[in-house]
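1. The sequence and its predicted three-dimensional model are supplied below.
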Amino acid sequence: MSNPQAEISKDHKRDLSIKELKNLPSDDVLGKTLSLCGWIKSARHQKTFSFIALNDGSTFAPFQVVVTNETEGYDELLSELNTGASVKVTGTIVQSPGKGQSIEMKAEKVHLFGTCPADFPLQKKRHSFEYLRTIAHLRPRTNTQGAVARVRNALSFASHTFFQKKDFMYLQSPILTAADCEGAGELFQVTTLPLENLPKTEEKQVDYKKDFFAKPVYLAVSGQLNGEAYATAFSNIYTFGPTFRAENSNTSRHLAEFWMIEPEMAFADLEDTMDIAEEYLKFVLKTVLDSCQEDLAFFDQFIEKGLLARLDNVINADFARISYTEAIDILHASNKKFEYPIEWGSDLQSEHERFISEEHFKKPVILYDYPKDIKAFYMRLNDDGKTVRAMDVLVPRIGELMGGSQREERLDVLEEKIKACGMNVEDYSWYLDLRRFGTAPHSGFGVGFERLVQFATGIENIRDAIAFPRVPNSCEF
């Protein structure tokens, strides 16, 4: 073995990733000398040889490397080949007599990049999800978080692939905004003003003219409004980026920073949105089932029994479509005692959504035509004056996964709705211009990406579906 520090600059290349090696036919690599780089997941040391489980993150299962006393410098640094150490191994690919792998490497040389002391927090034992969140910088090296990251990556790639194949334009919508998309007021304010000595006007109000943008500015809760501007120029667009809610909800379902995928389509109504939402969900789940088989098998065995069957059911089912009013009737007729009482006009809770999709229909359900008072100002008012052209996609185990609507394209109606919500019409003058100058029917939806990751993996807590969770009283790493 070579010195652990002396050759780092020139001894860092590998021939293949472990995933690439595993995907090659055994006959193509047997007898060949190759180099692999990675981190030691575990090491079993015998008197004259050691079994090293090596992983570079490209695949779920590690690759077995056999280091023997014939390996260059075996005795010199044997004590350093511990869990967590980073190495480059060079050796011959041979048939493996053990179970679980067809090939392994017989090492001829091991280069040690970085040692790992005995107090490495991720020893070969099970750790709680709560504990792993306290070491979020190291938890990607665990089986579960590594698998989550690979599934998340596959879902992201599949999302872009789906919309690009349908000729949607990818819009990078702004993160800083002066407009509240939802009208709920749960916004993170951004300012450069000195908080210990805020400048005031003569009326004793904060003088925002002295702030960086000369007005109150916030982190965006959605890219939708900007997306509408581009949809009225390019017809079909989608955004995919971070969004922020200052909602003080310390639950397993909420994050302060999360990612959203938001397609927007001009000359489209709510039925078009339902169709594309169903097609999208089936496409991305099928892609993940095909590309992350080892990861999903792990989740099916250790995280949620029956996960694979549940995902197959979504892919192959025709989504049920019912109105909000029909859903209320179903909940009343069930005679099931819910924690939150339900009546027409109230917002559905997760327990109601899950009952409809899990127990009543046993498949995904799209609810539409919600009461106007529980939905956002931009949704198109129905002729009954009581409901809007909104829809939610409910799935087993999660409840609401996607939400969307046909947007209000009538200038006069939208102005009145903004006023009725107590919002300043002037703040939305540019948004109203989209109706003033060549208005067109348009529609879209949003996907909470972390909830999609939860749905695809069976992970219970949304904080484990994102790399570095931001939640009330916690913004670490």
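-> Thanks, I have the structure now. Residues are numbered from 1 along each chain as shown.
2. Go through stretch 314-328 and flag the buried ones.
-> For stretch 314-328, burial by neighbour count (16 or more other Cβ atoms under 10 Å) applies to Val314, Phe319, Ala320, Arg321, Ile322, Tyr324, Thr325, Ala327, Ile328. C-beta here means a position set from N, CA and C on the backbone, and glycine is covered the same way.
3. Export the residues you listed as CSV, with columns for distance to Glu247.
-> Converted to CSV, the buried residues of stretch 314-328 look like this (distance: Cβ to Cβ, whole Å):
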residue, distance to Glu247
Val314, 28
Phe319, 28
Ala320, 30
Arg321, 29
Ile322, 28
Tyr324, 23
Thr325, 28
Ala327, 24
Ile328, 25
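4. okay if I get those residues as JSON lines plus secondary structure?
-> Conversion of the buried residues of stretch 314-328 to JSON lines gives the following (DSSP: H, G, I helix; E, B strand; the rest coil):
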{"residue": "Val314", "secondary structure": "helix"}
{"residue": "Phe319", "secondary structure": "coil"}
{"residue": "Ala320", "secondary structure": "strand"}
{"residue": "Arg321", "secondary structure": "strand"}
{"residue": "Ile322", "secondary structure": "strand"}
{"residue": "Tyr324", "secondary structure": "helix"}
{"residue": "Thr325", "secondary structure": "helix"}
{"residue": "Ala327", "secondary structure": "helix"}
{"residue": "Ile328", "secondary structure": "helix"}
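5. which intervals of this structure have sub-threshold pLDDT?
-> For the chain, applying pLDDT under 70 flags the ranges 1-12, 180-185.
6. what about the residue lying closest to Asn248 once chain neighbours are set aside, how many neighbours?
-> With sequence-adjacent residues excluded and distances taken as Cβ to Cβ, 6 or more residues apart in numbering, Asn248 is closest to Pro472, at 5.3 Å. Neighbour count of Pro472, defined by other Cβ atoms under 10 Å: 14.
7. outside of stretch 145-155, which residues touch it?
-> Contact with stretch 145-155 is made by 55, 57, 60, 132, 139-140, 284, 287-288, 291-292, 294-296, 298-299, 449, 452-453, 456-457, 459, 464-465, 467, as judged by Cβ atoms under 8 Å, 6 or more residues apart in numbering.
8. Only alpha carbons, please: show that stretch as PDB.
-> Provided in PDB are the C-alpha atoms of stretch 145-155 (Å, rounded to 0.1, in the frame of the first residue of the first chain):
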ATOM      1  CA  GLN A 145     -30.300   7.800   2.700                       C
ATOM      2  CA  GLY A 146     -28.100   6.700  -0.200                       C
ATOM      3  CA  ALA A 147     -31.200   4.900  -1.700                       C
ATOM      4  CA  VAL A 148     -33.400   8.000  -1.100                       C
ATOM      5  CA  ALA A 149     -30.800  10.200  -2.900                       C
ATOM      6  CA  ARG A 150     -30.700   7.900  -5.900                       C
ATOM      7  CA  VAL A 151     -34.500   7.600  -6.200                       C
ATOM      8  CA  ARG A 152     -34.700  11.400  -5.800                       C
ATOM      9  CA  ASN A 153     -32.200  11.800  -8.600                       C
ATOM     10  CA  ALA A 154     -34.100   9.400 -10.800                       C
ATOM     11  CA  LEU A 155     -37.400  11.200 -10.100                       C
END
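9. Begin at 117 from now on, thanks
-> Understood, numbering begins at 117; the last thing we discussed is stretch 261-271.
10. rewinding a little: touching, the residue nearest to Asn364 and Arg361? I think so.
-> No: taking contacts as Cβ atoms under 8 Å, Pro588 lies outside contact range of Arg361: 10.9 Å.
11. okay, and the common contacts of those two?
-> Ala372.
12. about what we covered before: from the contacts of stretch 261-271, list just the buried residues.
-> Of the members of the contacts of stretch 261-271, the ones counted as buried by neighbours, 16+ other Cβ under 10 Å, are 171, 176, 248, 255, 400, 403-404, 407-408, 411-412, 414-415, 565, 568-569, 572-573, 575, 580-581.
13. Go through those and flag which are in helices.
-> 248, 400, 403-404, 407, 411-412, 414-415, 565, 568-569, 572-573 (DSSP state H).
14. and the two most separated of those residues?
-> Longest distance between any two of those is 27.1 Å, between Leu248 and Thr403; criterion Cβ to Cβ.
15. Excluding sequence neighbours, find me the nearest residue to His526.
-> Not quite, residue 526 is Arg, not His. Arg526 sits nearest to Arg551 (Cβ to Cβ, 6+ apart), 6.9 Å away.
16. Spit out the contact partners of the one you found.
-> Here Arg551 is in contact with Glu524, Glu525, Arg526, Leu527, Leu530 (Cβ under 8 Å, 6+ apart).
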